[in-house]
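Participant: here's a sequence, model it:
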Amino acid sequence: MPKPLKTFIIYAREDTVFKNELLRQLAPFARMGLLEKWDDSDILPGEEWEKSIENALEASHIVLMLVSADSLFSEFIQRKELKKALEQKREGLTCVIPILVRDCMYDMAEGIHDLQMLPLHPVNRSLTPVDDLATWGSRASAWAAALRQLREVVNELHARIEDEEKTLREKVEKLAALAAEAQRAEEAKVANAMAAKEAEARREKNAKLQRSKDEAAWKVALELDSLEAYEDYIDKYNLHEAEAHEQIGKLIASEAKLRAAQKAKAKSARLVVEAQPEKLPDGGKAAIVAQPVTTDKQASFLDAATDLLGDALFDAYDTAKAVATVVTEKTEEITGWNSDPFDSLMVPIKGGTFDMGDTFGDGGSTEKPVHKVTLRDFHICKYPVTQAQWKAIMGDNPSHFKGDDLPVEKVSWDDTQGFIKKLNEKTGKKYRLPTESEWEYAAKGGTISKGFKYSGSNQLEEVAWFVENSSSKTHPVGQKKPNELGLYDMSGNVWEWVEDDWHGNYNSAPDNGSAWVDNPRGSTRVFRSGTWLREAQFCRVAYRYHSALDNRSSHMGFRLALSLQSVG
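Facilitator: Residues are numbered from 1 along each chain as shown. Take a look at the predicted model:
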C-alpha cells in the first residue's frame with residue numbers, strides 16, 4: 001500500500017467556498033490512501049502560522065493552487081506560498097497544479113502562466129473556470145472533470161515514487177550488502193591477523209619451552225658425561241647435537257687411548273718379568289715358574305690377556321648400561337614415578353536414574369527440558385586435576401596461578417585429551433573426561449542426593465570458590481565442604497571440561513548416560529561447575545555452557561572419570 005501524497009492547498013480567503021468544495025471532492029482520494037490534504041485550517045492553536053505553512057509546503061508532494069483574481073492579488077500567496085512551491089518544483093520535489101476557479105488574467109501571472117491548469121473541458125480540452133456554469137452546467141461537473149484529470153497525475157506520481165523508492169531500496173540493499181561484505185572481510189582480516197599473531201605466540205612459546213627442555217637435557221648429558229647420555233640427548237634434541245657428537249668422539253678416543261695404555265702397561269710388565277725375574281716377590285716368581293710354558297708363550301699369553309682385558313672393559317660398560325636401565329625402572333616402580341597418581345582418588349559412583357536439567361526452574365532454555373537419565377556405575381575423581389598431577393604426566397605447567405595443590409588451568413579440551421592419552425599409556429587404564437550426564441549426576445549427589453542447588457549445599461559459600469570469595473584467583477582443591485558423594489569443588493574454582501558436544505537444549509539428548517557427540521571434532525564442547533570469577537548463578541549444578549576445543553583460560557580445568565570395567 002503506497003503512502004498518501006501530502007497535498008498542500010493554496011487559496012485566497014475569498015475563495016474559501018471553492019476550497020471547501022475541493023475538499024469534499026478529494027474525500028475519496030483520502031479514503032483510498034492516495035492523498036493527505038493540508039491547508040491553513042490544519043494549523044493548531046499556538047503554532048507559528050508562517051512556520052507551519054513553510055513546513056507543510058516543504059513536506060508536500062502536490063501543491064493545488066486555486067487561481068482567481070484574489071489569489072493573484074494576494075502578496076502572501078505570491079511572495080511566500082507560490083514562490084516556495086515553485087522553488088520546490090524546480091528542484092523536482094513538488095508537483096504544482098493550478099486550478100482555475102474564477103476567470104482572471106492568469107496568463108499574465110508570473111510563475112503559473114506556463115503551467116497546465118485544470119479543469120479542461122472533456123470535449124474540446126479547453127481551460128474553463130469552475131464557476132463557468134454556462135459551460136459546465138454546475139460547479140460539481142467542473143470539479144468532477146478537474147478531479148478526474150488530477151487522478152491521472154496522482155497515479156503517475158505514485159508510480160514514479162514507487163519506482164524511485166524501489167531503486168533507492170535496491171541501492172540501500174546493495175550498499176548494505178557491500179558494507180556487510182566489507183565488514184566481514186575486515187573482521188576476517190582482523191581474525192586472521194589475530195590468529196596469525198596467536199599462532200606465532202604459540203610457536204614462540206613452544207620454541208622457548210623446547211629450548212628450555214633442550215638446555216636442561218644437555219646439562220644432564222654433560223653431568224653424566226657418558227656415551228649413553230649423549231646418544232639419548234641426540235635421539236630427543238638437537239640444539240647441541242654437534243657438541244654431543246664431538247663429546248662422543250672424545251669418549252671413544254679416550255677409551256681407545258685407555259685400551260692402548262693398558263696394552264702398553266701389560267707389555268712393559270711382561271718385559272720386566274722376562275728381564276729381571278729375581279726382583280719379583282717369591283709368590284710371583286713361584287707363580288711364573290710354575291707355569292708350564294716357555295717365555296715366548298708367556299709373552300703371547302700376556303698380549304692375548306691384555307686384549308681380552310680391553311674387550312672386557314667394553315662388555316662391562318654394556319652390562320652396566322643394562323643394569324642401569326633395570327635399576328631406573330625399579331626405582332620408578334618404588335618411587336611411584338610410573339604408578340597411577342589417581343588410583344586412590346577415584347570415587348566409585350553407584351549408577352541410577354535422576355532428573356537432569358533445571359529442576360529449580362531458575363535456569364535458561366539451555367538447561368531444558370528436564371529429562372530422566374539412567375546411568376551405569378562409574379568412577380569420578382575426588383578433585384579437579386591439580387598442577388602437581390599435570391606436571392607429573394606432562395612435564396610442564398600451563399597454569400596462570402601457580403601451586404602444586406591448585407587446580408591446573410589454561411588447558412583446552414584438546415590439551416585434556418593429550419594428558420589422558422599419556423596417563424593411559426603410563427597406567428594401562430582408560431581414563432577419560434566424564435560425560436555431561438555423569439558429571440551432573442555426581443555433582444547432584446547420585447543416589448544419595450539431597451537436592452541441593454549447588455554441589456553439596458544450598459549455601460554456595462560452604463562448597464565453592466566464586467567471585468564473591470575467591471579474591472580473583474583459584475584456590476587449593478579440597479578446602480571447601482564436599483558434596484554427598486565426597487566430591488570437592490564440583491561448584492566453583494575452575495570450569496570443568498566434559499566429553500559432550502554442545503547442544504543448545506536437551507531435546508533428543510541421550511537418556512543412558514553416554515556422551516552426546518555428533519562430531520568427534522565438533523567446534524565446541526561443554527563445560528560445567530562454575531568458576532572463581534563468575535557469580536552464584538553460574539555455579540548451579542544444572543548450569544552449562546560451551547567453548548572452542550582450543551580455548552585456554554585461567555578458569556578452565558577438568559577432572560577425570562573412569563568406567564567400571566576400566567578399574568583394576
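
Participant: show me where pLDDT drops low in the stretch 401-550 of the chain?
Facilitator: Filtered on pLDDT under 70, the stretch 401-550 of the chain yields the residue ranges 521-522.

Participant: next: the stretch 251-400 of the chain.
Facilitator: Where the stretch 251-400 of the chain drops into low confidence, which here means pLDDT under 70, it does so at 251-253, 255-256, 259, 262-263, 265-338.

Participant: R559 and S399, how far apart?
Facilitator: 15 Å (CB to CB, to the nearest Å). (Glycine included, C-beta is placed from N, CA and C.)

Participant: count of neighbours near the residue lying closest to H240 once chain neighbours are set aside?
Facilitator: Residue nearest to H240 in three dimensions, not counting chain neighbours: W218, with 4.6 Å by CB to CB, 6 or more residues apart in numbering. The burial count assigned to W218 is 19, neighbours taken as other CB atoms under 10 Å.

Participant: can you tell me the SS state at W218?
Facilitator: Remark: W218 carries the secondary structure label helix [criterion: DSSP: H, G, I helix; E, B strand; the rest coil].

Participant: wait, it sits on A242?
Facilitator: No: in this structure W218 lies outside contact range of A242 using CB atoms under 8 Å: 11.6 Å.

Participant: which neighbours do the two have in common?
Facilitator: When contacts are counted by CB atoms under 8 Å, 6 or more residues apart in numbering, the set common to W218 and A242 is empty.

Participant: show me where the stretch 151-300 of the chain has its helices.
Facilitator: Assignment of helices within the stretch 151-300 of the chain using DSSP state H, counting those that start in this stretch yields the ranges 227-236, 241-275, 282-290, 295-335.

Participant: which stretches in the stretch 401-550 of the chain count as strands?
Facilitator: Read by DSSP state E, counting those that start in this stretch, the stretch 401-550 of the chain holds these strands, from start to end of the chain: 431-432, 495-501, 524-528, 545-548.

Participant: list the helices and strands the longest one packs on?
Facilitator: Think strand 495-501. helix 436-443, strand 524-528, strand 556-557 (3 or more CB pairs under 8 Å, 6 or more residues apart in numbering; DSSP states H and E).

Participant: stretch 178-189: which residues count as buried?
Facilitator: Neighbour-count burial for stretch 178-189, counted by 16 or more other CB atoms under 10 Å, picks out no residue.

Participant: I meant to write stretch 158-165 there.
Facilitator: Of the residues in stretch 158-165, those buried by neighbour count under the rule 16+ other CB under 10 Å are H158.

Participant: one step back: could you dump the helices and strands packed on strand 495-501 to TSV with distance to L175 and mean neighbour count?
Facilitator: What follows is these, written out as TSV (distance: least, CB to CB, whole Å; neighbours: other CB atoms under 10 Å):
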stretch	distance to L175	mean neighbour count
helix 436-443	45	27
strand 524-528	34	24
strand 556-557	42	26
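
Participant: okay, those in JSON lines with distance to L26 next?
Facilitator: Shown next, in JSON lines, are the helices and strands packed on strand 495-501 (distance: least, CB to CB, whole Å):
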{"stretch": "helix 436-443", "distance to L26": "69"}
{"stretch": "strand 524-528", "distance to L26": "63"}
{"stretch": "strand 556-557", "distance to L26": "71"}
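
Participant: quick one: which of the ones you listed is nearest L93?
Facilitator: Nearest to L93 among these is strand 524-528; the distance by CB to CB comes to 54.7 Å.

Participant: render the CA-only coordinates of that closest one in PDB, please.
Facilitator: The C-alpha atoms that make up strand 524-528 are tabulated as PDB, following Å, rounded to 0.1, in the frame of the first residue of the first chain:
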ATOM      1  CA  THR A 524      32.700 -26.500  20.800                       C
ATOM      2  CA  ARG A 525      32.500 -28.700  23.900                       C
ATOM      3  CA  VAL A 526      30.600 -28.400  27.100                       C
ATOM      4  CA  PHE A 527      32.000 -27.300  30.400                       C
ATOM      5  CA  ARG A 528      30.400 -27.300  33.900                       C
END
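
Participant: re the thing from before, can you check which of the helices and strands packed on strand 495-501 gets nearest to D70?
Facilitator: The closest approach between D70 and any of these, judged by CB to CB, belongs to strand 524-528 at 78.7 Å.

Participant: give me the residues contacting the closest one.
Facilitator: Residues outside strand 524-528 that contact it (CB under 8 Å, 6+ apart) are 413, 436, 439-440, 443, 495-502, 543-549, 556.

Participant: looking at R559 and S399, which has the bigger crowd around it?
Facilitator: Relative neighbour count places R559 above the other of R559 and S399, with 29 against 21, counting by other CB under 10 Å.

Participant: which pLDDT value goes with that one?
Facilitator: Predicted confidence (pLDDT) for R559: 98.

Participant: that one against I380, yeah?
Facilitator: Yes: the criterion here is CB under 8 Å, and R559 meets it with I380 at 6.7 Å.

Participant: now do the contacts for D405.
Facilitator: Contacts here follow CB under 8 Å, 6+ apart; on that basis D405 touches T386, Q387, A388, P476, V477, G478.

Participant: what separation do you get for it and N493?
Facilitator: Computed with CB to CB, the distance linking D405 and N493 is 12 Å.

Participant: list the residues that contact both of those two?
Facilitator: With contacts taken as CB under 8 Å, 6+ apart, the residues that reach both D405 and N493 are V477.

Participant: helix, strand or coil: sort out I99 for me.
Facilitator: Under three-state DSSP, I99 falls in the strand class.

Participant: skipping adjacent residues, who's closest to it in space?
Facilitator: Among residues not flanking I99 along the chain, L118 sits closest, at 4.9 Å (CB to CB, 6+ apart).
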